[in-house]
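K.L.:
can't give you the sequence, but here's the structure:
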């Protein structure tokens, strides 16, 4: 009987065209699948909990696959980390029930967006954050974020080429906090539309700059009009932080 | 009269073939010079305090150049950071005396080598450190490092293709300390030979592993034989940390 193996992965997405397999470009899924194939000796189909877009990182992506190979988990983890590019790391690897599906079983996903607030630039932090020195009104952004929490049609915050069947999503939580030189946006939902997190955070930042009043975010949401919302901000500040089951 | 401008630069060397201009490969010096040329409107010659090798980073590289362009330093810094790749950042930029030369005037350079000690791998820290989980005897390494301090012929720790005229160098200081999950090697000297820091740290790590006794480092140094010393460890853990004038 084949084993069902669940991975927790961390990756630096800078040099990859996102998670999801695509022809002609390199993706995380392809690299991990190809490495798995070499280790277990047969082609595998890896199911990921969240699609991360090009340049987006993962602090805790979850994926699973089936194999008949009885290789012990600790050995598989070691082999994977020896063969994978250093930008992709297997943190944990556990056998799970045969019917576990990392996408279908996920209750919620949490994303974090990091804004680096120090005047002085930095080549290290830059890779993992958006550098924005201008004044930002954090209480106004926090107030605005609450209009997004709940079940809504998020058409105003979806990419023009997003092909999800419905644009209705349920946001459980939207927190903004300051952690040393970083401003951290944290949002949790059962699922997201393409570019939704970056479009929402981009809109909140416009609120922080005073270009929108907090309650305008409600109007933007209700308009379902992408052109009314703020810009899609850079991928490099975004992390798929956690998947809850 | 031309202005002499001193820069302090920070860079992530991962994707560059080191500091020094070389034909056919991309180097930090070339990228910074080319960006300067665009900003000041004429070709410039950038003098760097230290050559960093391919993949080595800089926390505080210093360089200077001459220009007749009266652009104010703050404006020049802003223009540079707007045009440079994000992996290279100008931290400070100051007018200096006409005869200041960042290479010739440097009293000493300090390098740091970072070893990441946590069991769990990390795609972010990996870029800037060498991941080494095995047991290391820090007091033995510290004892061994002291044999390297002072004025010696460092032939045993120089690259085979190092073309410095003399292999005699004076080490002022060699410190090893633990900082959370990192083991930090810090070495200061007026100058270094090619791969010297990585060869010395590689040798000390062999001491830490118990493969050499601390006093063997003295014998290796005196042998002037590169084959007797430890390996040239990965570039990614090394930073040109500071240049003192």
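P.N.:
Perfect, I can see it now. On a predicted model such as this, the values are computed, not experimentally measured, just so you know.
K.L.:
Distance of residue A:7 relative to residue A:31?
P.N.:
Note on residue A:7: its distance to residue A:31, by C-beta to C-beta, to the nearest Å, is 13 Å. Glycine gets a C-beta too; all of them are placed from N, C-alpha and C.
K.L.:
Please determine how far residue A:223 is located from residue A:94.
P.N.:
With distances taken as C-beta to C-beta, residue A:223 is found 45 Å from residue A:94.
K.L.:
Equivalent analysis for residue A:227, please.
P.N.:
Residue A:227 is 45 Å from residue A:94, where distance means C-beta to C-beta.
K.L.:
Compare the two (neighbour count), which wins?
P.N.:
More neighbours surround residue A:94 than the other of residue A:227 and residue A:94, with 13 against 8 (other C-beta atoms under 10 Å in any protein chain shown).
K.L.:
How about the contacts made by that one?
P.N.:
A:5-6, A:73 (C-beta atoms under 8 Å, 6 or more residues apart in numbering or on different chains).
K.L.:
and what of residue A:148?
P.N.:
Taking C-beta under 8 Å, 6+ apart, we find residue A:148 in contact with A:171, A:174, A:200, A:217, A:221.
K.L.:
Just the ones of the residues you listed in helices?
P.N.:
Mapping the contacts of residue A:148 onto helices (DSSP state H) picks out A:200, A:217, A:221.
K.L.:
so who does the second one touch?
P.N.:
Spelled out, that is residue A:217. By C-beta under 8 Å, 6+ apart, the contact list for residue A:217 reads A:144-145, A:147-148, A:203-204, A:207.
K.L.:
farthest-separated two in those?
P.N.:
Longest distance between any two of those is 11.1 Å, between A:148 and A:207; criterion C-beta to C-beta.
K.L.:
Could you report the neighbour count for residue A:206?
P.N.:
18.
K.L.:
ok, it to residue B:131 distance?
P.N.:
41 Å.
K.L.:
for chain B, what are the nearby residues on chain A?
P.N.:
For chain A, the contact set with chain B under C-beta under 8 Å from any C-beta of the partner chain comprises A:10-12, A:81, A:86-91, A:120-124, A:126-128.
K.L.:
Leaving out chain neighbours, which residue sits closest to residue A:16?
P.N.:
Counting by C-beta to C-beta, 6 or more residues apart in numbering or on different chains, residue A:28 is the residue found nearest to residue A:16 once chain neighbours are left out, at 5.2 Å.
K.L.:
So the one you found sits against residue A:12, correct?
P.N.:
No: applying C-beta atoms under 8 Å, one finds residue A:28 not in contact with residue A:12, separated by 9.9 Å.
K.L.:
Could you check which of these two has the larger neighbour count?
P.N.:
Of the pair residue A:28 and residue A:12, residue A:28 is the one with more neighbours under other C-beta under 10 Å, namely 29 against 23.
K.L.:
Quick one: residues contacting the more buried one.
P.N.:
Applying C-beta under 8 Å, 6+ apart, we find residue A:28 in contact with A:9, A:11, A:13, A:16, A:18-19, A:52, A:58, A:61, A:88.
K.L.:
Show me which of the contacts of residue A:217 is closest to residue A:243.
P.N.:
When the contacts of residue A:217 are compared for distance to residue A:243 (C-beta to C-beta), residue A:148 wins out at 20.5 Å.
K.L.:
Tell me how chain A divides into domains.
P.N.:
Chain A breaks down by automatic domain parsing into domains covering A:3-96, A:108-244.
K.L.:
Can I get those in CSV including mean pLDDT?
P.N.:
CSV is the format used below for the domains of chain A (pLDDT from 0 to 100):
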stretch, mean pLDDT
domain A:3-96, 95
domain A:108-244, 95
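K.L.:
So for residue B:115, which of those sits nearest?
P.N.:
For residue B:115, the closest of the domains of chain A is domain A:3-96, at 15.0 Å, according to C-beta to C-beta.
K.L.:
Tell me the helix or strand right after whatever helix or strand residue A:89 lives in.
P.N.:
According to DSSP states H and E, residue A:89 maps onto strand A:88-96. Using DSSP H and E, the next helix or strand after strand A:88-96 towards the C-terminus is strand A:108-116.
K.L.:
so what secondary structure elements neighbour that next one?
P.N.:
strand A:130-131, strand A:182-189, helix A:196-208, strand A:238-244 (3 or more C-beta pairs under 8 Å, 6 or more residues apart in numbering or on different chains; DSSP states H and E).
K.L.:
how about a cut-off of 10 Å?
P.N.:
The criterion is 3 or more C-beta pairs under 10 Å, 6 or more residues apart in numbering or on different chains; DSSP states H and E, and the helices and strands that strand A:108-116 contacts are strand A:57-67, strand A:130-131, strand A:168-179, strand A:182-189, helix A:196-208, strand A:238-244.
K.L.:
pretty sure residue A:238 is touching residue A:128, no?
P.N.:
Yes: using C-beta atoms under 10 Å, residue A:238 is in contact with residue A:128, at 9.4 Å.
K.L.:
list residues touching both of these two?
P.N.:
Common neighbours of residue A:238 and residue A:128, counting by C-beta atoms under 10 Å, 6 or more residues apart in numbering or on different chains, are A:13, A:57, A:114.
K.L.:
how about TSV for these, with neighbour count added?
P.N.:
Putting the shared contacts of residue A:238 and residue A:128 into TSV (neighbours: other C-beta atoms under 10 Å in any protein chain shown) gives the following:
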residue	neighbour count
A:13	27
A:57	26
A:114	21
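K.L.:
now, which of those sits nearest residue B:98?
P.N.:
When the shared contacts of residue A:238 and residue A:128 are compared against residue B:98 (criterion: C-beta to C-beta), the nearest one is residue A:114, at 43.0 Å.
K.L.:
Can you tell me which of the residues of chain A next to chain B end up in helices?
P.N.:
Per DSSP H, the residues of chain A next to chain B map to helices at residue A:81.
K.L.:
Neighbour count says what about the residues of chain A next to chain B? Which are buried?
P.N.:
The neighbour-count test (16 or more other C-beta atoms under 10 Å in any protein chain shown) marks A:10-12, A:81, A:86-91, A:121-124, A:126-128 as buried among those.
K.L.:
Can you measure across stretch A:215-235, start residue to end residue?
P.N.:
Terminal residues of stretch A:215-235 are spaced 26 Å apart (C-alpha to C-alpha, to the nearest Å).
K.L.:
Please apply the same query to stretch A:108-126.
P.N.:
In stretch A:108-126, first residue to last residue: 28 Å (C-alpha to C-alpha).
K.L.:
chain center to it: distance?
P.N.:
14 Å (C-alpha atoms, centre = their mean, to the nearest Å).
K.L.:
again, but for stretch A:5-21
P.N.:
10 Å.
K.L.:
is it true that residue A:25 touches residue A:19?
P.N.:
No: contact between residue A:25 and residue A:19 fails when scored by C-beta under 10 Å: they sit 11.9 Å apart.
K.L.:
Can you pull the residues that touch both of the two?
P.N.:
Counting by C-beta under 10 Å, 6+ apart, the common neighbours of residue A:25 and residue A:19 are residue A:54.
K.L.:
More neighbours: the two, which one.
P.N.:
Shown here are residue A:25 and residue A:19; by other C-beta under 10 Å, residue A:19 has more neighbours (27 against 11).
K.L.:
Doesn't that one belong to a strand?
P.N.:
No: the assignment for residue A:19, made by DSSP: H, G, I helix; E, B strand; the rest coil, is coil rather than a strand.
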